[in-house]
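[1] need a structure here:
(one chain, ligands or ions: 1)
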Amino acid sequence: MTQSPTTEQVDVGDLSTDDLREMYKTMRLITVTGERAVVEVKAGRLKSAFYPVRGLEGSCAALGSAMRPEDQIVSTYRSLGDALAKRSSLRRIIAEIYGKADGTSKGKGGAMHLHDQEAGFITSTGVVGAGLPIAVGLALAASIRGEKRAVVATFGDGSTSIGAWHEAMNLAGLWKLPVVFVCQNNQWAEHTPIDEYAAVTDLESRARAYGMTTAKVDGFDPIRTARVLSEATARARAGEGPSFVEVVTYRLTGHSGSSDYSYMPKDQLAAATERDPAPAFRRWLLDAEIVDETALEEIDKQVAAEVDDAFEFAQNAPQPNASERYTDVFADERQVPKS
Ligand SMILES: Cc1ncc(C[n+]2csc(CCOP(=O)(O)OP(=O)(O)O)c2C)c(N)n1
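    Predicted structure coming up:
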């Protein structure tokens with residue numbers, strides 16, 4: 001593992017102080033919202049599957065700085081960070097996870113199928129690897145219509161061993177589609193470490209075989225990650241074809257909100273925890289004298305208030321009305337069981 005950014009080595013490129021502050025806020029929002037969701041699940045107030053994004057905060061914040069409003073994203077069940085990076089409303093995401101009428105899909109999608117049309121957050125899916133062909137379809141549509149946008153697909157390292165991943169990568173490479181494939185390599189697929197399920201663990205080299213621009217970045221270095229992802233989204237918007245970015249991170253929790261992580265080697269977990277993205281970035285912002293302690297405390301306070309507000313909003317939001325059961329869904333009413 002390489003080190004987290006240090007004051008001397010970092011060239012922030014085009015990122016302004018406001019961008020860096022925004023990245024820190026996004027990281028904190030992801031951490032605090034995720035931790036709160038786990039508490040709510042364990043307390044039985046949130047009756048939903050929840051997959052923590054701990055460890056990916058820097059990578060998601062970097063993606064947030066690389067994406068523009070017109071870009072679209074397709075994510076996975078581990079989607080909270082991607083939704084926040086795409087500037088989806090925190091209140092409405094949390095309401096959706098609670099299955100409430102004020103959610104981004106009026107409570108019909110839930111955590112597994114988050115969708116926020118306004119934000120360009122097209123969908124998340126619980127089927128490993130299934131998001132990539134959807135992203136390729138969106139990118140094909142954008143290129144046929146002449147729309148200049150990047151379509152981002154995020155997925156875990158485990159997806160790269162799924163057939164749909166290879167089919168999607170091949171078509172995107174062949175047709176030079178405006179997709180950015182972002183592999184969030186957290187080194188685990190549920191309880192299996194990457195070297196126990198993959199013949200080739202250098203995932204970037206697999207992608208290279210499909211004729212696209214590839215990169216591997218340290219996901220604990222959000223500034224370099226932001227630069228690489230910005231180049232990739234710009235390439236897509238300019239019609240220069242797809243990219244694959246392997247963002248190497250580490251999952252700082254178990255697979256799902258309720259699972260244990262006793263199977264994870266303690267030394268690995270401890271080393272990764274030392275690089276916990278939001279605190280590491282906070283330290284770096286202070287050391288580099290980019291943002292002072294008072295301003296950071298202010299951001300921390302804002303985040304705590306926004307998260308409290310979002311959960312309160314979601315918990316008090318109305319349940320969906322039964323009369324809305326068949327609106328906005330594709331099922332044929334005659335085929336839906338009545339009981
Ligand atoms: C097609 C398919 N096969 C198996 C599963 C069961 N499953 C759920 S999560 C998961 C691990 C996926 O790991 P990875 O893609 O690395 O994502 P991560 O959970 O690490 O973010 C598996 C195998 C599934 N949801 N879909």
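[2] Skip the chain neighbours and tell me the closest residue to residue 227.
    Spatial nearest neighbour of residue 227, excluding adjacent residues (CB to CB, 6 or more residues apart in numbering): residue 13 at 5.3 Å. To be clear about C-beta, it is placed using only N, CA and C from the backbone, and glycine gets the same treatment.
[3] Show the contacting residues for that neighbour.
    Shown in contact with residue 13 (CB atoms under 8 Å, 6 or more residues apart in numbering): 223, 226, 227.
[4] What is the neighbour count of the last one?
    By other CB atoms under 10 Å, 21 other residues sit near residue 227.
[5] Helix or strand next in line after the host helix or strand of it, which one?
    Element membership for residue 227 (DSSP states H and E) is helix 222-237. Sequence-wise, the next helix or strand downstream of helix 222-237 (DSSP H and E) is strand 243-248.
[6] Any residue of that following strand touching the ligand?
    No. If you take CB under 6 Å from any ligand atom as the test, strand 243-248 misses the ligand, and the best it gets is 11.5 Å.
[7] Using CSV, list the CA coordinates for the helix or strand following that strand.
    Elements were assigned by DSSP H and E; along the chain past strand 243-248, the next helix or strand is helix 266-274. The C-alpha trace of helix 266-274 is given here as CSV (Å, rounded to 0.1, in the frame of the first residue of the first chain):
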residue,chain,number,x,y,z
LYS,A,266,-6.4,-8.2,12.0
ASP,A,267,-3.1,-6.6,10.8
GLN,A,268,-4.6,-5.8,7.4
LEU,A,269,-7.7,-4.2,8.9
ALA,A,270,-5.6,-2.3,11.4
ALA,A,271,-3.3,-0.9,8.6
ALA,A,272,-6.3,0.1,6.5
THR,A,273,-8.1,1.7,9.5
GLU,A,274,-5.1,3.9,10.1
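[8] Would you tell me what the next helix or strand after helix 266-274 is?
    Helix 266-274 is succeeded, C-terminally, by helix 277-287 (DSSP H and E).
[9] So what touches the helix or strand that that following helix is followed by?
    Using DSSP H and E, the helix or strand that directly follows helix 277-287 along the chain is helix 293-316. Helix 293-316 has contacts (CB under 8 Å, 6+ apart) with 21, 24-25, 28-29, 32-33, 36, 40, 45, 90-91, 93-95, 97-98, 100, 102-103, 282, 285-286.
[10] hmm, try it at 6 Å
    With contacts defined as CB atoms under 6 Å, 6 or more residues apart in numbering, helix 293-316 is touched by 25, 28-29, 32-33, 36, 90-91, 94-95, 98, 100, 282.
[11] so how far is that helix from its chain's centroid?
    Centroid separation between helix 293-316 and its chain, computed with CA atoms, centre = their mean, to the nearest Å, is 20 Å.
[12] in it, what's buried?
    Buried residues in helix 293-316, counted by 16 or more other CB atoms under 10 Å: 296, 299, 300, 303, 306, 307, 310, 311, 313, 314.
[13] Farthest pair within the residues you listed?
    Using CB to CB, the pair of those lying farthest apart is 296 and 314, separated by 27.0 Å.
[14] Sweet, I'm off.
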